[in-house]
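In: When you get a sec, could you give me coordinates for this:
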Amino acid sequence: RKYIEPRTFFDKLVNEEGVNEEGHDQLRLAIIFGSEQTGMEESDMDDCDVMLGIPTNPTFGSLNLASAVQLIAYDLRMAVGGHNSYADIC
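Out: A predicted model of the protein is given here:
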């Protein structure tokens, strides 16, 4: 299977679909995570249009579920106009 880095996919999605904070309802998106023990089932992956993969150190290979969710959410937020730092909003 071919995996796409989350930031790359979300940036492309925003540019092609015109998704932004004001028009967030223009697109429906579901993000599915597998279990920490076994990952995603093949049948679940077959239903996906895109497979995202978070680059990790090959020594470790995977992240726990909470970390994966946090990184995906952060990349999505940044793509739709998130702030680069707290200094931007203070």
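In: quick one: what helix or strand has the residue nearest the centre of the chain in it?
Out: Residue closest to the average C-alpha location in the chain (CA atoms, centre = their mean): residue 72, at 3.5 Å. Using DSSP states H and E, residue 72 maps to helix 65-79.
In: which helices and strands does that helix pack with?
Out: Under the contact definition 3 or more CB pairs under 8 Å, 6 or more residues apart in numbering; DSSP states H and E, helix 65-79 sits against helix 6-17. Backbone N, C-alpha and C define where each C-beta goes, glycine included.
In: ok, for the residue nearest to the centre of the chain, nearest residue in space, not its chain neighbours?
Out: The shortest distance from residue 72 to any residue other than its chain neighbours is 5.4 Å, reached at residue 6 (CB to CB, 6 or more residues apart in numbering).
In: Would you check that the one you found makes contact with residue 75?
Out: Yes. At 4.1 Å, residue 6 and residue 75 qualify as touching, with contact defined as CB atoms under 8 Å.
In: more crowded one of the two?
Out: Higher neighbour count among residue 6 and residue 75: residue 6, with 23 against 19, using other CB atoms under 10 Å.
In: So for the more buried one, what's the pLDDT?
Out: We have a pLDDT of 94 for residue 6.
In: how close does it sit to residue 32?
Out: Plainly put, residue 6 is 13 Å away from residue 32 if you go by CB to CB, to the nearest Å.
In: Could you list the low-pLDDT ranges of the chain?
Out: For the chain, applying pLDDT under 70 flags the ranges 18-27, 83-90.
In: Find the nearest non-adjacent residue to residue 7, please.
Out: Per CB to CB, 6+ apart, closest to residue 7 is residue 75, 4.6 Å.
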